[in-house]
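J.: got a sequence here, can you build the structure:
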Amino acid sequence: MSSTSLGNGTAPYSPLPLESRSFLVLHASVTGTAVDIAERIGRRARREGWSVTVKSVTQFNQAELLEHGLIVFVLPTTGNGHTPPTFVPLWTALLHPSLPPDFLEDLRYAVFGLGDSSYGKYNWVGKKLSRRLDSLGAHAVVERGEGDDQNEWGVESTFPGWLDQLMVSIDPLVPPAPGFTSLPLDAVPPPRIRLDKMAATSAPNGRREQAPLLWTDDACWAKLVKNERVTAEDWYQDVREIELELDGVQDSERQRLYAAGDVLEIRPQNSKEDVDRFLSSARWTDIADEPFQLSPTSSDQPLPPHFPTLFRTTIRYLLTNELDIASVPRLSFFEWLAYFSEGDMQEKLREFCSPAGQDDLIDYTLRPRRTINEVLYEFRAARIPPQYIFDLLPPMRPRGFSISSSPASHQGKVDLLVAIVKYKTILSVPRKGLTTSWLALLAPGSRVPVRFDKSGLLRLPLGDPPLIMVGPGTGVAPFRALMEERVRSGAKENLLFFGCRSVSKDFYFKPYWDALVEKGELTLSVAPSRAQEDKIYVQHRLPDYGEKIWDYLNRGGYLYVCGSSTNMPKAVKKAMLAVFQREGAMDEQEAERYWERLEREGRLVEETNFRACGSGSDGIVIGVQHSYRLASKPYLPPSERPATITTASGAEIAVDKVRTVERDNTLVKGREVHKKIEKEVMGDVKEVQVDVTGKEEWWALRILNTVVGLEALLTAGRVRELPVVGWVNDFLVFGVIDEVERRELPPLPSPSPQSTGASQGKPKRTPKKGKKSGKAPATSTKRDEQSKLTAFFSPSPSPAKRGGMIDLTDGSPAEESELEQPTPVGGQPRWGFILSDTKTRYKRSIPPPTETRSTRLQLGLYHRLLSSLLQPETAPSAQQAAEPAFSWTRVYSDLSLDPTEPLSNGFLDSIAPVIQGSSFEESLGEAETLGDFIAVLMKYADMVRGGREHVLEDEVEVVYRMRGSSRPSAMHSPPPPASVTTQPRVLANEDANLQRALAASLAETVDSQPRQSKGGRSTSIFDILTNEEIDAELRDEMSIVTQEPPAENSQLEDSQQPFLANPSLPLPVDHLPPSLSDGPSSSVPSGPNPFALPTNSQGHENADIVQAAGSIRSSRYNLRDRPDATAFRAVQRQGTILDDRPTTPPAVSSSVAASIAARVRDPSDPGLIGVEKIKVDTEELSAWLESISAYWRGEREPIGVLVTEVNRCRFCEFEDGCEWRAAKAAEAMDQAKTRRAARNA
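T.: You can find the predicted model right below:
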């Protein structure tokens, strides 16, 4: 049997055969993601003939480790390297120092980890487990898989490919029985649990109304004592103080129920209205109250552990108490729903489950936070057998809340500070949190199922040392519990930093804090963020108490930080490091080491709650029209979309179906034009399959795409679909430039007294031939000074006149004498790079300036991004340049990338076909790390820059083409007949193109405060840590394993968000659903974005890839190979600009490349309308990017069309009923009345 070499530190081994074709899947789920992944592993393996048991680690006996031949672990890492509480007992047992090195030599294992790469110890639990199992003699059957919550596709970016590898790896361990065939993918798997209908007279469990079950042995019932709002009645947020009293607890035991710092879990119920709606959508209303007996369909898929054997119940009970119908559905929900659907509905559901449909799925579910109940209502034609209720729906999981009371101070009662979650998305019905909305409706005396979770990180320090607490918002809750205990013990050195919005509206526990301050038992600093013009947060208060903070920590004090896990912890750390430097006379490195020392000693604890995506910070909705379009279900074909939409304010708007269909046809035709141009310029470029396993490799692949593009630009003089990346204020933005071309430019003329700069910043336009003007424009050119048409459409040394624009709208040939322009005399020849974009139109005309602002801004943005990317970061003047250099160190820090992490052999072997024989073979042939790839990119950037201060020419071009044609032909196509009445659709908001370009390309959604690395520096790299670091931590943990297990955070979630992946080059496919793009412009790329994670090749209709047996999607990714490598080598032999940067390189150095370019820009091309030259206006661009950033930070609302341009609304499908138009009309009416009243007065 062949040996297997793994990349996770495991030595090669020969797989040991298993005794039977069976294995165990263990999960330690916190938010439900891990159990969903575990169940998907089980379903896939059962299709291929395996017997699989899926268990929570809470159901697992440690002795079972020696009873299973193969175990698959699915483990989340909560926060910065914390172990899930349910996994702590098993982990502690594995750390026992007396275990021999061959303890698990008969065990085969696999690990799939879930984590968040924004934390330093990303997927730390899975890494440590793999390392420990290896040290005990176990054998990994496949490399460790990792799902990253920071990726917009989340776990789907890596899990499908990892699952394919797992199944391939374990299949030889126990070959299937002769003649066995896998269950077809379109065949419905058997249900997990059987529902047998009972006699009508037999009530479930002998009761008419079934009492809820407790979900675990240590759960209990509590009585609601108090449910009071603590925020002002007129405040936007409803925050409650909840007090609970446990049933059946003796007074002598109440003070030992829990400790300060513990967490209380509450398991909610679905409302009657939601249950009734689900029953109606599923067509189960008639059987909802009929009794059923539940039993497992196989021994390896038992009933939930808290169900009694042969459990009798009703479907209504299950939907109310046991199953979650209010969460956002995961991909597996759509997989199951597709089995029970037909026709177009089934096709759409399966598209959602495919790589190509992930962006549609995100827009449909994740961003608007659409619930399972709402999805089922929209797909209510599905016929779901009741037996599949446990397969379709996830289990109801409890939600944890920090306890805000100590048992001694509240007679054993439990106090909670609960913010009632309610917010709006594009959907008309406000979103709500299931548990908090259920609690808000409970009256005193109600029974609540609860469980104490004692694995919280916050613990009362022993010996009453000084304590510093940072807790904005409801993060202050556990600090009241700690303070109640510290006051009882006499501790007086307590410093609290509390953040709120308004002292009079949301200052939680104010009377209590005031009393402590008056007694001298607390120093309190409050940061009311909205009480003044400049927002103040807790981190801004820290420097004011720097001396006290430094004194407390130097005397053995503790620092606790609790609250939101977005920007607050990083901002607090930055402020603290500044305090260390100032008060302790430290440099940055010393301050960082001091912070790490506090962490090691357990005196620094961060217990921060992950804020789920969609809680009001989603960034896809920008324009008024765009928000309407999202509500119209743009993922459906135009004919299947709803006739009306309901806006967030409750208004109902009729959708013009004719305009919707016309707009969709426009987009389809535009994409066809771009596909043809791409093929004509780049040729028939093959796709190279690439194996990608980690973040560093994803970025290396993105960089390689850019290097391939720059090589094409340097050798052939032209490149299309060039990927770029850059910073726009706090946001990291990706994009794809439609085209960059190198041209020889006329020498700069000598300054003339008559020359002026009055026309800068605006597009210069030439009047159409045949039209006369009463007054000649000041900038009009003489007929004998104009260029030949060929200068605009071929790489001729006689380029077009700078600052001009040729309009071919009349379609008539021009005389040569009218267009000839002699080359200016004097000065040296020069060359430059021109950035351009192709726009398609239905009419043979150039749009007026009022309709091209978004195009100007789009090109200006890409001009800025590429200029910044090509600047050397280390140059002394880089940050003082017009376009500051792109900061790779900031990327390393913010995305936790390690530029020194070796790339896998599989990845390097996959990209070898692109590198071999290329001009960068010498550089990239030895590249082994992300840093090596970036160094090559900078080398190419240096060659493109050529020692010039400005890399790109300040003028950019817009090439307008007819939608119906892109390929030149020998004959002119006739103009459209006069009878054609279809008009081009124009967005109601002229800026929507650029807005969506940003929306589609934001890789990281950043809040109002900039993301910072450790200490605010950009140089700290802390991601995939070495085995030595893992071993060091294992030794530390093993040394204390006989003591109390380390406390872990139960409130941090391991939920994995889908992440938006792009198809790879060269085939242009939609980056956004058609309804989210205004045209085939590369600003909203019809082609892909190589700077996002490439999708599986199955997303390409032309991809020639053989899938693994039983695979739903491929695990490999594609890379565009170099175009026409033969031609490039011919160019290199002639001596091109790849050697030493010449002063005046030719516009195009290859006749082959020249002919390729000429095929597109040929004056006889009937599809060409004209070329417009635009000077980049940096002031206009900067102002607009500030406006865009303000929207993403939530500082402004979306806006609609200008009043002066309402004529554009006639092409919008939402014109009738548009709220923006109605508001502007009412505004105009009020102004008219005011003016009339003023005149009458």
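
J.: show the pLDDT at A28.
T.: pLDDT, A28: 91.

J.: can I assume it is in contact with T77?
T.: No - the criterion here is C-beta atoms under 8 Å, and A28 misses it with T77 at 10.1 Å. To be clear about C-beta, it is placed using only N, CA and C from the backbone, and glycine gets the same treatment.

J.: between the two, what contacts are shared?
T.: Here A28 and T77 have P84 as joint contacts, going by C-beta atoms under 8 Å, 6 or more residues apart in numbering.

J.: output the lowest mean pLDDT helix or strand found in the protein.
T.: Lowest by mean pLDDT, DSSP states H and E among the helices and strands of the chain is helix 790-793, with a mean of 28.

J.: now do the buried residues in stretch 889-896.
T.: 890-896 (16 or more other C-beta atoms under 10 Å).

J.: so where's the stretch 701-850 of the chain shaky on pLDDT?
T.: Regions of the stretch 701-850 of the chain meeting the criterion pLDDT under 70 cover residues 748-829, 842-843, 849-850.

J.: repeat for the stretch 101-250 of the chain
T.: In the stretch 101-250 of the chain, residues with pLDDT under 70: 200-209.

J.: one more time with 50
T.: 203-207 (pLDDT under 50).

J.: how about the strands in it?
T.: Secondary structure of the stretch 101-250 of the chain, counting by DSSP state E, counting those that start in this stretch: strands at 108-115, 139-140, 145-148, 193-197, 220-229, 239-246.

J.: tell me the one of the buried residues of stretch 889-896 nearest Q293?
T.: Nearest to Q293 out of the buried residues of stretch 889-896 is S896 (C-beta to C-beta; 50.7 Å).

J.: let me see the contact set for P449.
T.: P449 is in contact with 212, 214-215, 219-222, 266-267, counting by C-beta under 8 Å, 6+ apart.

J.: let's go with 6 Å and repeat that
T.: Neighbour list for P449: 214, 219, 267 [criterion: C-beta atoms under 6 Å, 6 or more residues apart in numbering].

J.: with adjacent residues omitted, what lies nearest to the second one?
T.: In space, A219 comes closest to R451 once its chain neighbours are excluded; the distance is 4.2 Å by C-beta to C-beta, 6 or more residues apart in numbering.

J.: how about whichever helix or strand that neighbour is part of: buried residues?
T.: Assigned by DSSP states H and E, R451 belongs to strand 447-453. Of the residues in strand 447-453, 448-453 count as buried by neighbour count, 16+ other C-beta under 10 Å.

J.: out of those, which one has the weakest pLDDT?
T.: Lowest pLDDT within those is found at D453 (88).

J.: was I right about it contacting G261?
T.: No - in this structure, D453 is not within contact of G261 by C-beta atoms under 6 Å, at 10.5 Å.

J.: okay, domains of this protein per the record?
T.: Segmentation of the chain into domains, based on automatic domain parsing, reads 22-173, 218-268+398-455, 271-394, 466-620, 1204-1240.

J.: most tightly surrounded among the ones you listed?
T.: Comparing the domains of the chain by mean neighbour count (mean count of other C-beta atoms under 10 Å), domain 22-173 ranks first with a mean of 21.

J.: now do the end-to-end distance for it.
T.: 10 Å (C-alpha to C-alpha, to the nearest Å).

J.: and if you look at stretch 230-247?
T.: Start-to-end span of stretch 230-247 (C-alpha to C-alpha) is 26 Å.

J.: what comes into contact with it?
T.: 220-223, 225-229, 413-416, 418-420, 505-506.

J.: looking at this, R370 is in a strand?
T.: No - counting by DSSP: H, G, I helix; E, B strand; the rest coil, one finds R370 to be coil, located in no strand.

J.: backbone torsions only: list them for it.
T.: Dihedral pair for R370: phi -70, psi 130, per degrees, to the nearest 10.

J.: what's the single longest strand in the chain?
T.: Longest strand in the chain, counting residues (DSSP state E): strand 731-745.

J.: helices and strands around it, which ones?
T.: Counting contacts by 3 or more C-beta pairs under 6 Å, 6 or more residues apart in numbering; DSSP states H and E, strand 731-745 is packed against strand 718-728, strand 830-841, helix 992-1001, strand 1002-1004.

J.: name every strand pairing with it and say which way it goes.
T.: Its sheet considered, strand 731-745 pairs with strand 718-728 (antiparallel), strand 830-841 (antiparallel), strand 1002-1004 (antiparallel) by DSSP bridges.

J.: wait, which of the ones you listed is closest to L361?
T.: strand 1002-1004 (17.9 Å).

J.: for G145, which non-adjacent residue is spatially closest?
T.: Nearest non-adjacent residue to G145, counting by C-beta to C-beta, 6+ apart: W162, 3.4 Å away.

J.: and H863, helix, strand or coil?
T.: Quick answer, by three-state DSSP: H863 is helix.

J.: you'd agree it is up against V1176?
T.: Yes - H863 is within contact range of V1176, at 5.2 Å (criterion: C-beta under 6 Å).

J.: packing partners for the host helix or strand of L598?
T.: Element membership for L598 (DSSP H and E) is helix 588-600. The helices and strands touching helix 588-600, judged by 3+ C-beta pairs under 6 Å, 6+ apart, are helix 568-584.

J.: tell me what angle the helix it packs on forms with helix 588-600.
T.: With axes from the mean of the first three to the mean of the last three C-alpha atoms, to 10 degrees defining the directions, helix 568-584 sits at 120 degrees from helix 588-600.

J.: so the residue lying closest to W221 once chain neighbours are set aside versus R254, what's the distance?
T.: The spatial neighbour of W221 that comes closest, neighbours along the chain excluded (C-beta to C-beta, 6+ apart), is D247 at 4.6 Å. To R254, D247 is 12 Å away according to C-beta to C-beta, to the nearest Å.

J.: what secondary structure does G463 sit in?
T.: coil.

J.: okay, now it: neighbour count?
T.: G463 has 7 neighbouring residues, counting by other C-beta atoms under 10 Å.

J.: just the pLDDT at it, thanks.
T.: 84.

J.: can you check R501 too?
T.: pLDDT for R501: 90.
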